[in-house]
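>>> Need coordinates for the following:
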Amino acid sequence: MSIRQTRSSDIVIQTLARIRASQTHMPGLKRTLTVLALFVPLLAVADPQRSGDDFRIVPMEFESHGTTLFGSLVLPHRGRTHAAVVFIHGSGKQSRNLEWARRFASAGIAALVYDKRGAGKSGGEYEGNQSVSEKNILLLASDAATALDALAHQPALGGVPLGFAGISQAGWIAPLAARRSAHTRFLVLWSAPVCKVSEEDIFSKYTRDAFAQKVPSYREALDARTGKYVWPDFLGRDTDSAEDLDPLAIPGLWIFSDNDGSIPVDLSIERLQALKRKGRAFEFVVAPGLGHNNMDGTFSIATEWIRKTVR
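Numbering: from 1, shown residues only. Presented below is the predicted three-dimensional model:
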């Protein structure tokens, strides 16, 4: 699918408003299908690549659990800085992603991207074998919260609303990080599970992370099991992002795709809807056909939402 290199703020804002209205009046699956239908026009929106004159890069380092982590703060060079984000990695041994930071900055949003512990210039050890253990998720959440606190002390960002953005595994990390930092004002997450780690494991083992035109529901994956799923005790708590989101009184946006075989999107939407009924200010959109790595085709939706929300 081709993406037109144009901006359409009005389409994004009006469509999100229509999504909120549909979620108020339409229950269950019908509500989800309405979100899918309303989202289609947004796929024509993409941020243009802008020149390097539109941003400036400031090296940053911060201490977390006795380890120095290194990153880069990318700031808009011209115009107002509407907000600032710390970008949380997905799984894997990942270093800072300056390309996403530049795209945030081009939309008037400062972004801190950093090397995950044990990757790039950052110290510490990368945990590859038990990356979803309670210990590792709490550690990565602490790293992210420390990064946001460091961002709050940047003179160039005085009074600017701060939040977390991220993808995939960030769905378990960001809620915990948000609870650890008093500076958190919003969350924006792509393809992020709103469920237990074990539930995502059940789903992705069934789908084998495949991206198809139609992925199975979580219930289909669960019913296909021939034996009881047992969460290993040595991994600690079975992290539940829905449970960790419950105490948060900040707005959040989740951007899913309808053909994501890595996370149970239907279950995640169900959990978000339950949190919304409890008064949480959470929204979601579902992009047709973009798979798990859906940031490129939906990036302007996130930046428009951030600017609208902090305004």
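
>>> in what helix or strand does residue 253 lie?
Secondary-structure assignment from DSSP states H and E places residue 253 in strand 252-257.

>>> quick check: mean pLDDT across the next helix or strand after that strand?
Next along the chain after strand 252-257, taking DSSP H and E as the criterion, comes helix 265-277. Here the mean pLDDT over helix 265-277 is 98, rounded to a whole number.

>>> Which strands and helices lie in contact with helix 265-277?
Applying 3 or more C-beta pairs under 8 Å, 6 or more residues apart in numbering; DSSP states H and E, we find helix 265-277 packed against helix 28-39, helix 241-245, strand 252-257, strand 282-287. C-beta: built from backbone N, CA, C; applies to glycine.

>>> try 6 Å this time
Packed against helix 265-277, as judged by 3 or more C-beta pairs under 6 Å, 6 or more residues apart in numbering; DSSP states H and E, are the following elements: strand 282-287.

>>> what sits up against the strand it packs on?
35-36, 39, 252-258, 272, 275-276, 294, 298 (C-beta atoms under 6 Å, 6 or more residues apart in numbering).

>>> Need the CA coordinates for that strand. PDB is fine.
What follows is strand 282-287 as a C-alpha-only set of coordinates in PDB (Å, rounded to 0.1, in the frame of the first residue of the first chain):
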ATOM      1  CA  PHE A 282      -7.300   5.200  27.300                       C
ATOM      2  CA  GLU A 283      -7.900   5.100  23.600                       C
ATOM      3  CA  PHE A 284      -7.000   2.700  20.800                       C
ATOM      4  CA  VAL A 285      -7.000   2.500  17.000                       C
ATOM      5  CA  VAL A 286      -6.600  -0.500  14.800                       C
ATOM      6  CA  ALA A 287      -4.700  -0.300  11.500                       C
END
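
>>> quick one: strands adjacent to it?
Strand 282-287 has its sheet partners listed here by DSSP bridges as strand 252-257 (parallel).

>>> Alright, I will stop here.
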